[in-house]
Structures are given as C-alpha cells and as structure tokens.
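A.B. asks: Sharing a model that was predicted from the sequence below.
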Amino acid sequence: MDPVINLYYRLYKGQTPTPSKFPLQPSQSNVSVIDTNFIAPPYTVENILRYILEREGVPNDGKAEVYIDRKDVNPAAPSAILDIEGPSTKSNAAIRVILSTVSPSQTTTTPGQTTTTPGQTNTPGQTTTNPGQTTTTPSQTTTPSQTTTTPSQTTTTPGQTTTTPSQTTTTPGHTNTSGQTTTNPGHTNTAGQTTTTPGQTTTSPSQTSNTHSSSSNVGGPYTITVRVFHTNPNKGVHWRVVEYGTGKGDDEWDPIPESPVLRMPSSGTSGSLRLVNSKGGEQFVLTVGVHNYKRWCDLVTGVSGNQTAMVINGEYYGGGSRHSAREKQGSSCQIQSKYSCVYSVAEGKDLVADLYIQ
C-alpha cells in the first residue's frame, strides 16, 4: 500500500466560507482533507481542482480558482505543480478553493417575462415552468407536446354550462392560452381545484380527475450514493474500495472516489463494496440496496480473502444466511463504534448512505 499523504483544503464562495460535503469538524465546516493517492499524477492544480470539484459535487464551470499559499493574491496557474508534501498543504494552512458565486441552476428574469426555478409547487390558478422549459410571457405559455381543448367539447344551455368527462382532455405539456384550461404533470385535480380563465367553462368535481404521483417509489430506477467519512484521519489509516459488486447484471457502480454511486433500474436488488485498510489489510463489506421499494443496508466485518463483495451480496438472496438483514429494510446499521452506515436521504429514488469509519 502507498503511504497516505493527506491534502487539506478550504472551500469558499467569493470571500465567504462554504460548507464541504466532507467536513473535518463542525466548527470548520468548510475544511476537508483528501488522500492524494486518489489523484493521478502529475499533481497539477488543474488535476487536484478537478478531483475536489467531483468529490464535492460541484459542476466544473471553469471559474473555480486555487490559492496555494495564504499570502497569494493571485490564483495558481492550472499547470502549476503542487508540492503535496510541502507546508502549504498541511491542516494549519490548507489550499484555498474559491468557487464561482453564480450557481449554474440560477435563472434570469427579463421585463415582461416570468421565470421559475426547480422546486416550485403548482397550486390552483398558477402556472409552473419546469427546468429547461420556455419562460412565460403575458397571457401565453409555450411548452413541448401541445394539446388544446376545442370549443366543440363544451355544451352551453341558457343559464347553465356543463362539461362531461369525455369532453375535457388534459395531457402533460399543454399550451395555456387565453380562454383555455391546463393541468400540469404531477398535479391532482380535486373539488374546487380546476382553473379557468375568461370565456372557459368550469368542470364539476365529479367530471375530471388527472392524478399522477411523481414521488412514488414504485418502479425505479434508483440511485444510492455512498459517502465515505474517515472520522479520525489523524490516525494515518485510510480505507479504500477495492471491489464493486452488484446483485444483477443490469446494476452498475459509478466508482467516484469516496462517493461511489450505485445505479439500479428497479427495486429488489443491491450492491456491495469491499474496503481494505491501508495498514494491515483488514477488510469489511458494506451492502446497500432497495427491497420492496424501501432502502436497506448491512455491514460484514472480519472478511477473509475468499469472501468477495459478490459472494457476500449473494448471501442476502435465495434464502441465504444474510437475508434477514434485507428483510428488515433498516435505514442504518452499525458494528460497535468503528463502522456505521446511516441513510441521510432515506426516501425517494435518489438515496444517500453515509459510511463512517472510526
């Protein structure tokens, strides 16, 4: 095993400290550390910055800067070689990584237009534009796959206007223009929630129902991101993933260092990671998965040479010796105080499991 050489860094947005996904301690949430063995030489500023941004889940917009020394007033050149054993990379100094202050997901509002950002909820009488769709201009909304309700579908008698179930059709991607009614995907029409504009008839509670639940867990696909935390990096002992095992042929691991991602097309399967100690060769296996549309996890320590991740994964299925751990559908697991795994995102289809190693 190569010796562990730690590289410390501090995250900022402009001059403001910004929290790291892997903080060393709560009091300095913007300070983190990486094992340089995960970075392929040469140790240029460009290579180190690329690794840090991938680790932190920050898009590389080409605007992030690295300052090697505290006294530096100008950022280091991308081609500059960083002395990973030099004094400026130690914990009492740490390199500075300055991120762009403009988030890629931000949108711009111009006069006469309406823009919306991800996370908005569609309420009665409101129009929502999802990410990537065209913005709203006065009295007109344009989205792909346009469907309209024709005037011939409404029957009007003196003093009364009705719409029968077969006369109103609502599909995702409607075009909302003056005098028409639109229901967006993910919205449920119940009594009193149908929206109308001047010249359009209303629909009674029993006449139209458009129900779609985008948050349902049924059917997949699922992702599980495993974030690896070394809670005592000063021990000089590091664990690294040496094997990625899956439960089915169409499952796959994205081997991102310290944050591997398991991708599964459906419920009923899982993936296993075998980790090895940098000193002494001690091994353990973490398994994460989804069973009956709920997450689960399990830890196995004292792993011998022939107990691969694939072998242990198979023991959770077909009446194997570890099937009870899968049936429990637990959101956490722990072995003494040395190893523990907790789902920090335990619901939905994009799950996050945090692995802590003492």
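C.D. replies: Received the coordinates, thanks.

A.B. asks: any idea of the mean pLDDT in the helix or strand encompassing residue 354?
C.D. replies: Here residue 354, judged by DSSP states H and E, is contained in strand 350-357. Strand 350-357 carries an average pLDDT of 94.

A.B. asks: got the CA coordinates for that strand in PDB?
C.D. replies: Written as PDB, here are the backbone C-alpha positions of strand 350-357 (Å, rounded to 0.1, in the frame of the first residue of the first chain):
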ATOM      1  CA  ASP A 350     -32.100   9.200  -5.200                       C
ATOM      2  CA  LEU A 351     -30.900   7.800  -1.900                       C
ATOM      3  CA  VAL A 352     -27.700   8.800   0.100                       C
ATOM      4  CA  ALA A 353     -26.000   6.500   2.600                       C
ATOM      5  CA  ASP A 354     -23.200   7.900   4.800                       C
ATOM      6  CA  LEU A 355     -20.500   5.400   5.800                       C
ATOM      7  CA  TYR A 356     -18.500   6.400   8.900                       C
ATOM      8  CA  ILE A 357     -15.200   4.600   9.700                       C
END
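
A.B. asks: Output the contacting helices and strands for the lengthiest helix in the chain.
C.D. replies: As assigned by DSSP state H, the longest helix anywhere in the chain is helix 45-56. The helices and strands touching helix 45-56, judged by 3 or more CB pairs under 8 Å, 6 or more residues apart in numbering; DSSP states H and E, are strand 6-13, strand 31-35, strand 65-67, strand 95-99. (C-beta placed from N, C-alpha, C; glycine too.)

A.B. asks: Mean pLDDT lowest where, among these?
C.D. replies: Among the helices and strands packed on helix 45-56, strand 31-35 scores lowest, with a mean of 84.

A.B. asks: quick one: strands adjacent to it?
C.D. replies: Neighbouring strands of strand 31-35 in its sheet, by DSSP bridges, are strand 6-13 (antiparallel).

A.B. asks: got the angle between the partner strand and strand 95-99?
C.D. replies: 30 degrees (axes from the mean of the first three to the mean of the last three CA atoms, to 10 degrees).

A.B. asks: quick revisit: could you export the helices and strands packed on helix 45-56 as CSV, including distance to residue 235 and mean neighbour count?
C.D. replies: Listed next are the helices and strands packed on helix 45-56 as CSV, based on distance: least, CB to CB, whole Å; neighbours: other CB atoms under 10 Å:
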stretch, distance to residue 235, mean neighbour count
strand 6-13, 11, 19
strand 31-35, 12, 20
strand 65-67, 28, 19
strand 95-99, 23, 21
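
A.B. asks: Of all those strands, which one is nearest residue 233?
C.D. replies: strand 31-35 (5.5 Å; CB to CB).

A.B. asks: Contacts for that closest one next, please.
C.D. replies: When contacts are defined by CB atoms under 8 Å, 6 or more residues apart in numbering, strand 31-35 is touched by residues 4-11, 20-25, 51-52, 55, 91, 94, 233, 238, 240, 258.

A.B. asks: Rebuild the helices and strands packed on helix 45-56 as a markdown table, extending it with distance to residue 332.
C.D. replies: Below are the helices and strands packed on helix 45-56 laid out as a markdown table (distance: least, CB to CB, whole Å):
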| stretch | distance to residue 332 |
| --- | --- |
| strand 6-13 | 28 |
| strand 31-35 | 23 |
| strand 65-67 | 36 |
| strand 95-99 | 31 |
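
A.B. asks: just so I know, which of those strands lies nearest residue 283?
C.D. replies: strand 31-35 (17.7 Å).

A.B. asks: quick one, the closest one and helix 45-56 angle?
C.D. replies: 110 degrees.

A.B. asks: The helices and strands packed on helix 45-56: which one's closest to residue 345?
C.D. replies: Nearest to residue 345, of the helices and strands packed on helix 45-56 and by CB to CB, is strand 31-35 at 20.0 Å.

A.B. asks: what number of residues lie near the residue nearest to residue 232 when sequence neighbours are not counted?
C.D. replies: Among residues not flanking residue 232 along the chain, residue 358 sits closest, at 6.0 Å (CB to CB, 6 or more residues apart in numbering). Neighbour count of residue 358, defined by other CB atoms under 10 Å: 13.

A.B. asks: Which pLDDT does the model give the residue lying closest to residue 82 once chain neighbours are set aside?
C.D. replies: Nearest non-adjacent residue to residue 82, counting by CB to CB, 6+ apart: residue 43, 4.9 Å away. Note on residue 43: pLDDT of 87.

A.B. asks: Check whether residue 43 really touches residue 85, as I assumed.
C.D. replies: No. Contact criterion CB atoms under 8 Å: residue 43 and residue 85 do not qualify, at 9.9 Å.
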